[in-house]
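Asks: fold the following for me, if possible:
(2 chains, ligands or ions: 1)
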Amino acid sequence: MDLSLDDTQKLIQESARDFVRSDCNRDVLLALDRKPGGMMDGLWQKMAGLGWTGMALPEEFGGTGNSMTDVAVLFEELGTGPVPLPLFSSAILGARTLLETATDAQKKAWLPEVASGDRVLALAVTEAQYGWRPEQIRLTARKDGADYRLTGSKLFVHDAAGATDLLVLVRAESGAGLSLLRVAARAPGVAVRTLDGFLTGISEVTFEDVRVAGDDLVGTAGRAWEGLRRAMLPAIPVLCAYKVGGCKAVFDMSVEYSRERSQFGQPIGRFQRVQDHVIHIVNYLDAARWTTYEALWKLDSGVDAACSVHMAKSVASESYMRACDFGHEVHAGIGVVREYGLTLHTKMSRSLYHLLGAPKLHRKYMESALGLVPA
Amino acid sequence: MDFAVEDSPEQSAFRVEVRGWLAKNVPASIEHPADAVDLSFEQYQMRRALGRGLGERGWLYPTMPTEYGGGDLPVEKTFILYDEMARIGLSLPPYYDAGGRMAAPTILVWGNDEHKKRFLPPICRGEVRTWQLLSEPSAGSDLAGVKTTAIRDGDAYVVNGQKVFVGSAHGADYSWTIVVTDPKGERHKNLSWLMIPMDLPGISVVPMDLLTAGGEGASGCGVKNSVFFDDVRVPAENLVGGENNGWRVATTHLEVEHGGVGRLADRRIVYEFIDWCRERRDGHAIVDDPAARSELVEMFVEAEITRLFALRNHWLSHTDQPRSYEGAQYSLRRKLSGLDMAEKMLRIAGPYVLTKDERWGPLRGAVEYFQRDAITALHPGATTDIQRVVISRRIGIGRREREKAGVLR
Ligand SMILES: Cc1cc2nc3c(=O)[nH]c(=O)nc-3n(C[C@H](O)[C@H](O)[C@H](O)COP(=O)(O)OP(=O)(O)OC[C@H]3O[C@@H](n4cnc5c(N)ncnc54)[C@H](O)[C@@H]3O)c2cc1C
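Replies: Model (predicted):
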């Protein structure tokens, strides 16, 4: 047993840390936060230049074929920012979805551009009847000769604002199963509206009689769900690693603040009540970390990882949110001042809580994985 | 025991009177933004006018003595007032007046006759709006560590320093302010309270950008500010409660702020959220899900416990009975259950609760505001940790003597 990072992973960690420190410092992130719609072009180019857009793709499609653990190490660092998530949506979730669902020709046509960062994907799954189960997908593509016509909407879509291509999960007209359509984000009739509130990078996407070419049906009609599930399995713990990074940042901020801030003539870290808050944070951090990395290890070593993945998702989502809550307890007033930066995490922890399924759903999956309910 | 579900004949006559007056005097164009940051100056003025109308009848500060512009109403009637206001989505006062709410009862205890006559009637009649200025960059929980000085110079105190996290949008007439009047004095024996007119030269107000500025709906703050005092000359007669006696005065102020006087209309959002979950949208209702239902029940239970704590505190304080830990207990419970409810809402209703989007945000953005405000609300008045310290001392653990609650009238 060895729970340390290998040399490649240490290098990835190093360069990601550098990036967050010098290109994505707090001022940059606050500016991004004020500008709805996600990622500034310069940052995206820089991340692509570092090869991050191709990490989760095999070499034959222009990627570097890294292990999921490698990718997670990167995302843990990005989570400390928190650096907005288009990289996850495109290079991990989107890329893996195409890898699992697209035809060979489509993969050849699209994936190298995803790996280079020129094509930016966003996955549009959820709808007004919100949820991540297949029966909750209602949007239906109507067949029109060789093409499809799409009218309706997707809700709470992550990172659509900066995407070039939307991967839209629809009900196949025949009624049997789900299909995936590639829709150009700038196609006539597509509108992306970023939602305002205590969330970030999340939009409503509406389709007004949008024409989708038959060639843009990804893979086989009616067969998208299985592929999507296979894609989500490794993507989920990468997202979890990002949340681990978030917990880590909140922990670091809280420790530092409890050393620096004095009240009643002593550092607040001396007060047992403040210590209790920090201990909660470190417990959330470590619970998220080790459930996540064990799931990644299982995935990378080909062991059945489903139960671990569901557990990691459920633990990391709750941990990130509650670590932020306790971070606020430690900081009191200064923590709710936006320029301080803690609220970037608070907002991110809420924004990501439901992405790829809320803890409640993943605990349900665990019930099956643990054989607690009849199959 | 009587939880007064039914009005006596006299009380129901009062209810009819209040309801009738409100029907006539609350403008139809009054808006109820979820976040007071969206309250326009015109809307604020409308609420102030309503406040003056209520004030004329002694209904703005209904428990204050009539000689100072209050209503001197018995506890049952104040209930009816709060209740009738809540029925049309308003609180009492119908705008942010924390300074008035804290200063008035404190001045009643600690002010001299002159102070009471000069400061209380304008507050109670709604003629002025008052902020409360306590916190400073280096003094939050440690209130006794404030550094803003007020040095006597002839007929005035000259004030210098900075307050943070104070006030609201749209300005104030007065600031009820704790200052150091004896910079060399012993801790707790160097403080005083000043009623500072906000139009004096040398005061500047700089808004802060916060997750929320706190408070509920249109009676919230909208924004919080830093207030800078630069050689501000405050008339010496505006010092209330005796020079260097400010710590004792503060205990009364804090007793009010920590919830010692209770609060009647509370946690509206929970009851409204439950109703929203009952609504059927596109054939589905959140309450169809048994897991959601049981979380809703838990939310309801918490809201009710908090409501009953507040009710008890209101009854205790307005019937002049001894209190000890109850104020801080209510406040702590409210803070912790607020955070827990926000999380429950997120679990029950999904990401909808995070948006104030016109189309998708529940309850016109009030739920989204609550998601943010449940976090901010952990801190004002006293942090949850400090509330626990207060409760422990009042119960009498950790120290030989029980600490007493701050004096209220
Ligand atoms: C929305 C909002 C509105 C506000 N409105 C006003 C207002 O109108 N007027 C005003 O004057 N102020 C106002 N405040 C300020 C508020 O009173 C302070 O934020 C609060 O008292 C805490 O002080 P602090 O933020 O400096 O935190 P600190 O006192 O620095 O606390 C930091 C941490 O140390 C802990 N701690 C400190 N001392 C102890 C101790 N002895 N034992 C255990 N733990 C301890 C705290 O619990 C907290 O976890 C407002 C604040 C907010 C956020």
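
Asks: going forward, measure contacts and count neighbours with C-alpha atoms only.
Replies: Noted.

Asks: helices of the chain, start to end?
Replies: This is for chain A. A:7-23, A:26-34, A:41-49, A:68-80, A:86-87, A:95-101, A:104-116, A:224-260, A:272-300, A:306-331, A:342-351, A:359-369 (DSSP state H).

Asks: oops, wrong one, chain B.
Replies: Secondary structure of chain B, counting by DSSP H: helices at B:9-25, B:41-56, B:75-87, B:98-110, B:113-124, B:246-255, B:268-278, B:290-318, B:326-349, B:366-376, B:384-395.

Asks: on that earlier part again, the helices of chain A: which one's closest to A:Asp215?
Replies: helix A:104-116 (8.5 Å; C-alpha to C-alpha).

Asks: A:Ile12: what's it in contact with?
Replies: A:Asp70, A:Val73, A:Leu74 (C-alpha atoms under 8 Å, 6 or more residues apart in numbering or on different chains).

Asks: show the model's pLDDT score for the residue in the stretch 201-350 of chain A positioned nearest to the ligand.
Replies: Scanning the stretch 201-350 of chain A for proximity to the ligand using C-alpha to the nearest ligand atom identifies A:Gly333 as nearest, at 3.3 Å. Per-residue pLDDT puts A:Gly333 at 98.

Asks: just checking, it touches B:His379?
Replies: Yes - under the criterion of C-alpha atoms under 8 Å, A:Gly333 lies in contact with B:His379, with a separation of 6.3 Å.

Asks: ok so, going back, which ones are touching the residue of the stretch 201-350 of chain A closest to the ligand?
Replies: By C-alpha under 8 Å, 6+ apart, A:Gly333 lies in contact with B:Phe165, B:Thr376, B:His379, B:Pro380.

Asks: tell me the contacts of A:Ala249?
Replies: For A:Ala249, the contacting residues are A:Gly79, A:Thr80, A:Gly81, by C-alpha under 8 Å, 6+ apart.

Asks: mind redoing it with 10 Å?
Replies: Taking C-alpha atoms under 10 Å, 6 or more residues apart in numbering or on different chains as the contact definition, A:Ala249 lies against A:76-77, A:79-82, A:243, A:255, A:285, A:323-324, A:327, A:342, A:345.

Asks: adding pLDDT, write those residues out as TSV.
Replies: Compiled in TSV, these are given as follows (pLDDT from 0 to 100):
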residue	pLDDT
A:Glu76	98
A:Glu77	98
A:Gly79	98
A:Thr80	98
A:Gly81	96
A:Pro82	96
A:Lys243	98
A:Val255	98
A:Leu285	98
A:Ala323	98
A:Cys324	98
A:Gly327	98
A:Leu342	98
A:His345	98
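
Asks: got TSV for the residues you listed, with distance to chain B too?
Replies: TSV is the format used below for those (distance: C-alpha to the nearest C-alpha, whole Å):
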residue	distance to chain B
A:Glu76	23
A:Glu77	25
A:Gly79	20
A:Thr80	20
A:Gly81	18
A:Pro82	17
A:Lys243	17
A:Val255	17
A:Leu285	19
A:Ala323	12
A:Cys324	10
A:Gly327	10
A:Leu342	10
A:His345	12
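
Asks: right, and out of those residues, which lies closest to B:Asn225?
Replies: Distance to B:Asn225, by C-alpha to C-alpha, is smallest for A:Leu342 among the contacts of A:Ala249, at 19.3 Å.

Asks: just give me the neighbour total for the residue lying closest to that closest one once chain neighbours are set aside.
Replies: The spatial neighbour of A:Leu342 that comes closest, neighbours along the chain excluded (C-alpha to C-alpha, 6 or more residues apart in numbering or on different chains), is A:Gly335 at 5.8 Å. Applying other C-alpha atoms under 10 Å in any protein chain shown, we find 25 other residues in the vicinity of A:Gly335.

Asks: looking at it, A:Gly335 is touching A:Glu329, isn't it?
Replies: Yes - because the distance of 8.4 Å satisfies C-alpha atoms under 10 Å, A:Gly335 is recorded as touching A:Glu329.

Asks: which residues do these two both contact?
Replies: With contacts defined as C-alpha under 10 Å, 6+ apart, the residues shared by A:Gly335 and A:Glu329 are A:Ser254, B:Ile375, B:Thr376, B:His379.

Asks: restrict these to contacts with the ligand.
Replies: Taking C-alpha under 6 Å from any ligand atom, the overlap between the shared contacts of A:Gly335 and A:Glu329 and the neighbourhood of the ligand is B:Thr376, B:His379.

Asks: could the contacts of A:Ala249 go into a markdown table alongside neighbour count?
Replies: A markdown table is the format used below for the contacts of A:Ala249 (neighbours: other C-alpha atoms under 10 Å in any protein chain shown):
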| residue | neighbour count |
| --- | --- |
| A:Glu76 | 27 |
| A:Glu77 | 28 |
| A:Gly79 | 26 |
| A:Thr80 | 22 |
| A:Gly81 | 24 |
| A:Pro82 | 26 |
| A:Lys243 | 35 |
| A:Val255 | 20 |
| A:Leu285 | 26 |
| A:Ala323 | 30 |
| A:Cys324 | 30 |
| A:Gly327 | 30 |
| A:Leu342 | 23 |
| A:His345 | 25 |
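
Asks: burial check on the residue of the stretch 101-250 of chain A found nearest chain B, number of neighbours?
Replies: Scanning the stretch 101-250 of chain A for proximity to chain B using C-alpha to the nearest C-alpha identifies A:Gly197 as nearest, at 4.4 Å. One way to gauge burial is a neighbour count; for A:Gly197, by other C-alpha under 10 Å, it gives 21.

Asks: the residue lying closest to it once chain neighbours are set aside - how many residues pack around it?
Replies: Spatial nearest neighbour of A:Gly197, chain neighbours left out: B:Thr355 (4.4 Å); criterion: C-alpha to C-alpha, 6+ apart. By the other C-alpha under 10 Å criterion, the neighbourhood of B:Thr355 contains 27 residues.

Asks: tell me the contacts of B:Thr355?
Replies: By C-alpha under 10 Å, 6+ apart, the residues touching B:Thr355 are A:156, A:195-200, A:202, A:351, B:361-362, B:364-369, B:371.

Asks: and the ligand, which of those residues contact it?
Replies: The residues of the contacts of B:Thr355 that also fall near the ligand, by C-alpha under 6 Å from any ligand atom, amount to none at all.

Asks: which PyMOL command selects the buried ones in the residues you listed?
Replies: One line in PyMOL is enough to select the buried members of the contacts of B:Thr355, burial here meaning 16 or more other C-alpha atoms under 10 Å in any protein chain shown:
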select buried, (chain A and resi 156+195+196+197+198+199+200+202+351) or (chain B and resi 361+362+364+365+366+367+368+369+371)
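
Asks: is it true that B:Gly126 touches B:Pro93?
Replies: Yes - using C-alpha under 10 Å as the test, B:Gly126 is close enough to B:Pro93 to be in contact (8.4 Å).

Asks: overlap in contacts of these two?
Replies: Common neighbours of B:Gly126 and B:Pro93, counting by C-alpha under 10 Å, 6+ apart, are B:Arg48, B:Leu50, B:Gly51, B:Arg52, B:Leu54, B:Gly55, B:Trp59, B:Leu60, B:Tyr61, B:Gly100.

Asks: give the contact list for residue 365.
Replies: By default, I'm working from chain A. Listed by C-alpha under 10 Å, 6+ apart, the contact partners of A:Tyr365 are A:Ala306, A:Cys307, A:His310, A:Met311, A:Pro359, A:Gly371, A:Val373.

Asks: sorry, I should have been clearer: chain B.
Replies: Contacts for B:Gly365 were tallied using C-alpha under 10 Å, 6+ apart; they are A:Asp196, A:Gly197, B:Pro33, B:Ala34, B:Asp35, B:Tyr352, B:Val353, B:Leu354, B:Thr355, B:Lys356, B:Asp357, B:Glu358.
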